[in-house]
Every structure is written in C-alpha cells, then in structure tokens.
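Novice: Starting from these lines, generate the structure:
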Amino acid sequence: MLNRQAKDLYVNSPSTFCHSSVRQGMCALSATSCVFLLDWFVSPCILGTHHEKGAHTFWAAVNRLPLSSNAVLCWKFCHVFHKLLRDGHPNVIKDSMRNKADLSDMSRMWGHLSEGYGKLCNIYLKLLITKMEFHVKNPRFPGNLQMSNRQLDEAGENDVNNFFQLTVEMLDYLECELNLFLGVFSSLDMSRSVSVTAAGQCRLAPLIQVILDSSHLYDYTVKLLFKLHSCLPADTLQGHRDRFQEQFKKLKSLFYRSSNLQYFKRLIQIPQLPENPPNFLRASALSEHISPVVVIPAESSSPETEHMVDLVTEDLVDTDIPAQPAAVVEPRFDDLFGTSATTDPFNFNSQNGMRKDDKDRLIEQLTREIQALREELESFRLESGRLCQALRGRVDELEAELAEQSHLRMQALGEGEFLRAELDDLRRVKEDTEKEQRSLTEMERKAVANEQRYTKLKEKYTALVQSHADLLRKNAEVTRQMTVARAAEDEVDSVRREMQEKVKAAQEAAERREQVEQLQELQRELITSRAALDTLKSTMASSQQSSEELSSQLSTVESEKVELAESLSKKEEELAGLGEELERIQSSLASERESGVKTAEALQNQLNEKESREQALESQLVAARWSTIQGAMEEAERIVQDSLAQLDDPAHISCTSSADYLVFRCQASLDCMDRLHSARDRYLADNTGVSELVRAVTHLAHLVGDTIVQGSATSHMVPVEQADTLSDSVKACGAEALTLLGQMKEQESLATADSAMLRAALDGILATAEKLRPRGLELQQGELGDLVEQEMAATSAAVESAAARIEDMLNKSRAVDTGVKMEVNERILASCTDLMQAIKVLVLSSKDLQRDIVESGRGAASMKEFYVKNSRWTEGLISASKAVGWGATVMVDAADLVVQGKGKYEELMVCSHEIAASTAQLVAASKVKADKDNANLGRLKLASKGVTQATAGVVASTKSGKSQIEEKDTMDFSSMTLTQIKRQEMDSQVSVLELETKLQKERERLGELRKKHYELAGVAEGWGEEDEGTG
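Specialist: Purely as a prediction, here's the structure:
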C-alpha cells in the first residue's frame, strides 16, 4: 500500500517514484522468503515501465541481480519479465531486444543442467526470446496477444504469403509454450498435492501467463489455417495440419490437467478445447469454431494492485498530456489518497516563505482554473462518450454486416467444397473404373502367360517321361545282355567239363584196349606159335596205327582245349567288362531314377500350385467380369434415368424433333436388342464374352435414352392427343428399360431376364412415329421407286425435246434472218444446243451413279424398297430431276421468243442460271450417298463442270448478241438544240430514278419470293423436321 512517503515522492519526482517502484519489485523478486510471486510484487515494475515508457530502469536493476548463479531467482525473473512483456509498456519489447544475446547465453548456460530449475530456466528463456522475436517481426500484435478478427486480417495485409509465414511463426511460438508446460509438469510429482505447496506453486505460477498466451495463439492459428485453406491447395498445407493436430492433442491434455489442479481453480478459469480438432478441409467448420476464453476472477487481484491500477489510469497511462503546475498536481494527489492540505503533516507549502494573502489569492485563482478545466474536461468527456456511443453503434452495424457477409461467404465456401467433393467422387469413380479395367486386362494377360507357362511345363514333363521310358528300355536291354553273357559263361563251363570227361574216357578206353589185345596175343601165341606170330605182327601193325590215331586225336583234343581256354579267358574278360558296364549303368540308372522321381515330384507340386493359382485367378476373373457387367448395367440405368429426367426439365420443352429421326432411332434400338440377346447368350455359354455384353448394354442404353429424348421432342411438334400417347409410350419404354437392366444386373436373373416388354414398348413408339411421318409429295411409299424412274426418263425426254426444238429454231432462223441478226441467233442457239448436250450427259451420268448407289446400298432388298427406305433422298432426287426438266423447257421457250424478236435476252440468261442451279441440285442429290472412289461419281463431276461451262457460254453469247443488236440503235444528236438536249437529259434522269426505284422494289420482291419458295420447299421436303431430328 502506498504510504505518505511514496505520495510525496510521486508528486515531487515522478522519475524517482519510477525507480523506487522498480527497486521495490526487484527487492520482492530477490527476497528469499518469497517462494512464489504475488501480483503486487510485479505491479511496481509494470507501473514503472508505463511511466517511463520503456524498460531502461528495469534492466538497470536486473543487471545487478545474480541470475547466472541462482536458478530460483532466474526462474522468478523469467516470470516477472513475462508479465512485463504482456502488461508492460509496448516499448519494453524494443528495449529488451538489446539484452537478447545475454538471455541466449544464460539459456545455454542453464541448459547444461538436466533437472531442477536449471532445465526449466533454459526452456523459459527460450520462450521469452521467441516471444520477443515474434512481436518484433509482427509489431501489430500487442504483448498480451489480444486482437480482434479485423486486426488479425490487417496483420497479414491481405497477402497469402504473409498469412502463411505468420502461421508458421505462431506454431513455433505455441510449440515453445507447450514445451514449458510439459517441462513444468514433468518436474513435478503429480501423485501428490504439489499445487498446495509453496515449491509447487512457485513452478506453477508462470503457467498462468502461458495459458493466456496459448489460448490466443490456438484461436489465431485456427482462423489463419481456415483462411489459408480457402486460398491454397490442401496438399500444400498438409504439414501445417499435421503439426497443428499434434499441438492440439498436447494443448488439450495440458489444459485438462491444469484445470484439475487446486492452485489454478481460484486464480484462473481454464477453457476446455473441443473433442476433435477442426476440420480445415471443410470451410463451414469455421462457423463451428469457438474461441477459447480464459477468465481470471476478480478476487484474484489484490487491493494493492487495484489501487496502483487506479493510479495508472488516472495519471500514468495518458502521459502525453502536458504537465500541469505543481499547485494543480497537489490537489489531484490529495484526491487520489483522500487527504487535505490543511491536515496533512507532509504538506510543506507553508514553508515556502509566501504571505497568507498571496497564497489565498493564488489558491482561489488556481481553484477557479481547476474548476473551469474540470467543467471543460467534463464536457469533453460527455462529447467523447456520445461520439464513442455513436461509433460503437456504427461498429456494431458494421460487425453485423461483416458477420452476414462472412456467413454468406461460408455458405458459398461450403457449397463450393460440396461441389468439389462431388467432383472428386466422380473422378475417383472414373479412376476406379479405369483401374478395374486395367486390372482386368492385366489379369487376362497373366492368365494367358500362365497358360503358356503351363503348356511349356507340360511339354517338359512329357519329355522327362519319355526320357524315363527310354532309360527303362535301356536297362532291360542291359539286363538281357547280362543274362546272355551268363548263359554263354555257363555253356563254356559245361563244354569244358564235357571235354575233360571225354579226355579221361579216351585214356581209359585206350588202356583197356591195349590190355585186351595183349592178353589175346599171348593166348594166341600160346595156342599157336605161328599163328600167334603172324597175328602178333598184324596186331603190332594195327596197334601202331591205332596209337598214331589216338596220338593225333589227343593232339587235336589238346589244341581244342587250348583254344577253349583262350576263348574262355576272353569270355571272362568280356564278362568282367560287361559287369563293370552293368554296374555303371545301374548306378547311373539309379541316379537318373532318383532325379526323375524328384523332378516328377517338383513338377507335380508346380502343377498343383499352378492349378490352385489358376483356380484363384479364374475366380477373381469371374468376379471382375461380373463386377464389370454390374458397373455397365448401373451406368446404363443412369443413362436411361438421365433421359427420363430430361422429360421433366423445363428447358426440354423448346426441343423438337422429327418422326423420321424417331423411327430411325427406334429401329436402331430394336436391332441393338437382338445384339444384346446374342451377347448375353454367349456370355452365359462360356462366361468370356464380357466386353461384347458390356458394349451391347451401353449401346442399348444410349439408343433407348436417345429414343426417349427424341420421342419427347417429337411430341412437342404433333397434336395434343398424339403427343400424350407418344409421351406415355416413351415413359413406359424408359420404365421397361430400367426393369430389364435391373433384372440383368442380378446374376441369378440374368439368364431369365425378359425383354419382350421393352420390345413391345419400342414397337409402340415405332408405330406411332410411322403414323406421324410426313408423306412427302403426297405419294405412297410404294410409288417412289417408279416415280424416280419416271422423273429421270421425263427429264431425259424434256432435254431431248428441247434439243430438237433448238435445232428446228436454228433452221428456221437461217431461212428467215440475215446479217447480224442471223449471226446472233445462230450463236445463241448453238450455245443452247451445247447446254442441252451437256445436260443430257449429266442426266445419263446421274442415272449411272444412282444405279451404283442402289446396287451397293440395297443389299437383299429390291430397288423400290431401297427408294422407300431412303425416302428423303428419293424425294430430293425427284425434285432435282423435275427442276432440270422444267428449266430446259422454259429456256427453250425463252430462246424461241428471243429468236423471233419477241423475247428478252435477260430472260434467257435467267433461265440459264436456273438450269445451272437445278443441275447442281441434281448433282448434290446424286452424290450424297455415293462412294467417293466411285468412277461414275468422277464422270458426274466432269459432266457438272461441262454444264457450268455451257451455261456460261449461253450467258456470254446472249450478252454478246444483245450488245450487237443494241449497237445499231445509235442516237443522233446533230439536229437537237441545247434546250432539247437538256429536256432529254431530264427525261433520262427521271427514267433512271424510276428504274432504280423499280429495281429496288423488284429486288425486295425477289427476296420475298425466294424466302417463300424456300419455306414451301422446306415443308414439301421436310427440311425443318429433319434438322430438328438431327439436332
């Protein structure tokens, strides 16, 4: 509370009072007994900055504090400095920027501590530096960040780049605020009631300033992001949205945690953020945004603070008013603190040495001046109050208008956003359809590739099976060879044993025979000596022979034995080689068998996997095909529904069409239904004709929709009863088409979908249109074919007759006329003869070309049926032929009158031009359906050029003859006087004027005649109806 000493100090020396206030705040700041700050501790510093319009005294006092050695003192300094930046004089920010480097160094120094107040001081100093830099870059923002929407718009200067940069700076600013929030909460033990302790309140007290700043920053960031989204694409602002959503979650959580602390409940009312962040992609969401409002209850401010605020509002805030004399200041000070000069012991006015009377007069004079000034001030206040009230009313009106304009703008933005969303949906549907089509094509391609791969694997598997069979056959052959070799070995063994037995038997037989012969010889010798002797001799001789034979046999057997042993050794070697070969073949066969089994198993596995993949792909392909068909059916339904919707469109009433065009569209729809049936049958047969079915469905939908629209347009051109019937038929056709498409859209009812009702509706429309078709020349269609031939023949006959008449006229002219007249008549009639010959060639070429057209276009139909089917073209051809024949006849009559001297040369020239126009019409009607490469078409064009040249010749000869005839009538002015010549001149001028007037009238009459002729020809030919049908 201000005491009397502070009062005197304020009155006598305001600057000293400012320094004292700052020192008082700094003493409270550095007092160790003050754990956390109260508002009346900081108020002297705030008052001092407002009085001196800056922070020089504050920083002079701060520089003497040991902030780098005391973390708690630095923390309280940051709190005081934060309040000065928010509530102090605006120049505090500018004066504090000079100490930015010292604050940065102090922040880095305290950042080396990982806990306690050191880390918090580091974060808080970074926040204060960021706040100062933000306000220096954006001087429009006050320290407490309180701005209106208009001031926020002015801060960006209506430049989207400025708004973009401002949003980034605000997000950085809010990020620093959130870091301090999180740092304080992370340094506290939230499981205990820390908010009721002095140490906890010392850390929580600066968060009140953070909450005040954060609420404004959140509100401004939301508004700026909505403004940016209305000017820039959404993709450009994706980073802004992500960063804001992250900060929104943190801020919402911190506000919720702070609102539950007992310390904040009596000091500040913290707002609650919405459940979800704003949707910036929807412009109308801005109207749903509610600005968070932080409420500080009135009882939270101390009486000392209120007293000082009153003092500031009375004297310190308006420091630009000139200083009053000291005598004026003293009563104001007394009024503020409720004391008088007579009873105040601190009133030293009586000690100034002035006399009482002088003081009284001076006091009275000053009192009167003060009263006058108060009255003047009161009048100024009343006038300013009135002006403020008027301005407030105007501001309210402007804000109401602005709110209305903003509402309309939001509505327009919402509608634009809705339309943009619909456009995006349509684009996504189109892209999805294209992706499905591409995926279907890719699946078909993969299916073909899998089929080819399957074919190759099957061929390889067949080759392996064949190789395995060849190996089995080779194994059997080797086994057979081994069997043969073993049999040969057994045979050799048996032969060897048999030879050994034979040798043994031969030796035993030889021994036995020798013994028997010796015994016989001895007996015979005993019996008879001579006989024995002779017998002995003969026996000796026979014995020698037999021993020789036996020796030879033995040598033979030995040689055979040696040969058999050699052959046996050879056979054994061969057998050993065959055994090794057999073992090698058996090992290779076993390895081949194992590899073949493994390969077969691998191929079988691959085949099974391929079959499973093929089944999956087949199922996907079937699903994709059906989804494509369903999409085509739905698109066809939309086409028909759009056509039906056009019937109720008021703008459609002005549309007209012809019955001929309606018949053409109905017939095309019926033909397309047959195509649809065949495509559906092919699809149901093998499920592959998807593309043809889709094309048929879409084509039918377009044709039916066109039939509906053209039928409704045709009903606008017919009587009411027929129009009602046709409109009902068209609507019934649309309903039946939707029913048929709905049945075909379901897979169960696709095969049973019946189109008989739709066909019947189209037949009804076709029958009604046939009744409404113009009959053209009032002839039955069956007569058109005969009439074409008749008219062409009549045209040829008229041309022949005209040529014959011209020849007859030429003969008569040669017999009667002489001189110049005969020369002129011969030249004119010769040119007319050439023209008739050219027309004859043209007619013949046209008939040949028509014959080619009929032959190429009638198909299996007859010539008359072709003419009936193309009735419009046929009627045009008949009309052109008639015009040519009529023109030839009229020209011959005109030439006859000219030759006789009764006609006009101009009439002959007009007839020539008319014939040229009629032949041009005949050429156009003939070549309209012809192929551009047709040879007869080329001859027709040459004939047309010949007619044009002949017509020019007729006109040239007529003009030449007219000039020759008129040259004879030269005027003789030799016998005329000046008065007669003047009279003739005046008569000539009158004739010229009369002829010019007559010429103008005749030109107008010619224009009206051509217009009427065009209208009558259009009605007869149905031109207007045909144009409406095609339109």
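
Novice: For the stretch 51-200 of the chain, which residues score under the pLDDT cut-off?
Specialist: The model of the stretch 51-200 of the chain has pLDDT under 70 over residues 190-194.

Novice: Just the helices from it, written as ranges.
Specialist: 56-62, 71-87, 91-96, 100-110, 116-137, 149-155, 160-187, 198-204 (DSSP state H, counting those that start in this stretch).

Novice: try the stretch 751-900 of the chain
Specialist: 756-772, 784-816, 819-857, 863-869, 871-900.

Novice: any chance of the ones you listed in JSON lines, plus mean pLDDT?
Specialist: Compiled in JSON lines, these are given as follows (pLDDT from 0 to 100):
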{"stretch": "helix 756-772", "mean pLDDT": "85"}
{"stretch": "helix 784-816", "mean pLDDT": "71"}
{"stretch": "helix 819-857", "mean pLDDT": "76"}
{"stretch": "helix 863-869", "mean pLDDT": "65"}
{"stretch": "helix 871-900", "mean pLDDT": "72"}
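
Novice: Can you pull the domain assignment for the protein?
Specialist: The chain breaks down by the TED database into domains covering 16-137, 165-292, 621-772, 787-965.

Novice: Adding mean neighbour count, write the ones you listed out as CSV.
Specialist: Any C-beta I mention is one placed from the backbone N, CA and C, and that applies to glycine too. CSV is the format used below for the domains of the chain (neighbours: other Cβ atoms under 10 Å):
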stretch, mean neighbour count
domain 16-137, 19
domain 165-292, 17
domain 621-772, 18
domain 787-965, 19
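
Novice: Generate CSV for the helices of the stretch 751-900 of the chain, with distance to V295 as supplementary columns.
Specialist: What follows is the helices of the stretch 751-900 of the chain, written out as CSV (distance: least, Cβ to Cβ, whole Å):
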stretch, distance to V295
helix 756-772, 72
helix 784-816, 95
helix 819-857, 91
helix 863-869, 89
helix 871-900, 86
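
Novice: Quick check: which of these is nearest to E442?
Specialist: Ranking the helices of the stretch 751-900 of the chain by their distance to E442 (criterion: Cβ to Cβ) puts helix 756-772 first, at 35.8 Å.

Novice: part of a helix, is L373?
Specialist: Yes - applying DSSP: H, G, I helix; E, B strand; the rest coil, one finds L373 inside a helix.

Novice: what number of residues lie near it?
Specialist: By the criterion of other Cβ atoms under 10 Å, L373 has 12 neighbours.

Novice: That one and Q365, how far apart?
Specialist: 13 Å (Cβ to Cβ, to the nearest Å).

Novice: what does A761 give?
Specialist: 111 Å.

Novice: right, so of the helices of the stretch 51-200 of the chain, which gets closest to E498?
Specialist: The nearest among the helices of the stretch 51-200 of the chain, by Cβ to Cβ, is helix 160-187 at 115.1 Å.

Novice: Run the chain-centre distance for that closest one.
Specialist: 37 Å (Cα atoms, centre = their mean, to the nearest Å).

Novice: other SSEs contacting it?
Specialist: helix 116-137, helix 198-204, helix 207-229, helix 238-259 (3 or more Cβ pairs under 8 Å, 6 or more residues apart in numbering; DSSP states H and E).

Novice: Quick check: E748 is in a strand.
Specialist: No - using three-state DSSP, the assignment for E748 is coil, not a strand.

Novice: That one and F134: what is the separation?
Specialist: 69 Å.

Novice: repeat for M909
Specialist: The separation that M909 has from F134, given Cβ to Cβ, amounts to 94 Å.

Novice: ditto for A285
Specialist: Taken as Cβ to Cβ, the span from A285 to F134 is 27 Å.

Novice: Could you check how far N161 is from G239?
Specialist: 16 Å.

Novice: helices or strands next to the helix or strand that contains G946 in the packing?
Specialist: G946 belongs to helix 935-967 when assigned by DSSP states H and E. Contacts defined by 3+ Cβ pairs under 8 Å, 6+ apart place helix 935-967 against helix 819-857, helix 905-927.

Novice: Now A668: closest residue in space, sequence neighbours ignored.
Specialist: Distance criterion Cβ to Cβ, 6 or more residues apart in numbering; nearest residue to A668, sequence neighbours excluded, is L703 at 5.3 Å.

Novice: One more: L171?
Specialist: In space, L171 is closest to R243, 5.6 Å off (Cβ to Cβ, 6+ apart).

Novice: Wait, that neighbour touches M170, no?
Specialist: No - with contact defined as Cβ atoms under 8 Å, R243 does not reach M170; the gap is 10.7 Å.

Novice: picking that back up, do you know which of the helices of the stretch 751-900 of the chain lies nearest R266?
Specialist: Among the helices of the stretch 751-900 of the chain, helix 756-772 sits nearest to R266 (Cβ to Cβ), with 80.6 Å.

Novice: what does that closest one contact?
Specialist: 659, 662-663, 666-667, 669-670, 673, 704, 707, 711, 714, 718, 722, 725-726, 729-730, 732-733, 736-737, 739-740 (Cβ atoms under 8 Å, 6 or more residues apart in numbering).

Novice: let's go with 7 Å and repeat that
Specialist: 659, 662-663, 666-667, 669-670, 673, 707, 711, 714, 718, 722, 725-726, 729-730, 732-733, 736-737, 740 (Cβ atoms under 7 Å, 6 or more residues apart in numbering).

Novice: How about stretch 948-967?
Specialist: 820, 824, 827-828, 831-832, 834-835, 838, 905, 908-909, 912, 915-916.

Novice: Next up, the contacts around E364.
Specialist: For E364, counting by Cβ under 7 Å, 6+ apart, there are no contacting residues.

Novice: in the stretch 351-500 of the chain, which spans are helices?
Specialist: Counting by DSSP H, counting those that start in this stretch, the helices of the stretch 351-500 of the chain are 356-527.

Novice: Could you list the low-pLDDT ranges of it?
Specialist: 351-356, 489, 492, 495-496.

Novice: Output stretch 909-927 in CSV with nothing but the alpha carbons.
Specialist: Only the C-alpha atoms of stretch 909-927 are listed here, as CSV (Å, rounded to 0.1, in the frame of the first residue of the first chain):
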residue,chain,number,x,y,z
MET,A,909,-29.8,-15.5,-119.1
VAL,A,910,-32.0,-16.1,-116.0
CYS,A,911,-33.2,-19.4,-117.5
SER,A,912,-29.5,-20.4,-118.0
HIS,A,913,-28.7,-19.6,-114.4
GLU,A,914,-31.8,-21.6,-113.2
ILE,A,915,-30.7,-24.6,-115.2
ALA,A,916,-27.2,-24.4,-113.7
ALA,A,917,-28.8,-24.3,-110.2
SER,A,918,-31.1,-27.2,-111.0
THR,A,919,-28.2,-29.3,-112.3
ALA,A,920,-26.2,-28.5,-109.2
GLN,A,921,-29.1,-29.7,-107.1
LEU,A,922,-29.3,-32.9,-109.1
VAL,A,923,-25.5,-33.5,-108.7
ALA,A,924,-25.7,-32.9,-105.0
ALA,A,925,-28.7,-35.3,-104.6
SER,A,926,-26.9,-37.9,-106.7
LYS,A,927,-23.6,-37.9,-104.9
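
Novice: Phi first, then psi, for V295.
Specialist: Backbone dihedrals for V295, given as degrees, to the nearest 10, come out at phi -110, psi 130.

Novice: For F141, see how far away it is.
Specialist: 22 Å.

Novice: Compare neighbour counts for these two and give me the winner.
Specialist: F141 (20 against 9).

Novice: For the spatially closest residue to that one that is not a sequence neighbour, list the residues it contacts.
Specialist: Once flanking residues are discounted, F141 sits nearest to H135: 5.9 Å by Cβ to Cβ, 6+ apart. Going by Cβ under 7 Å, 6+ apart, H135 touches 93, 141, 143.

Novice: Which element, helix or strand, includes the residue nearest to A668?
Specialist: helix 690-715.
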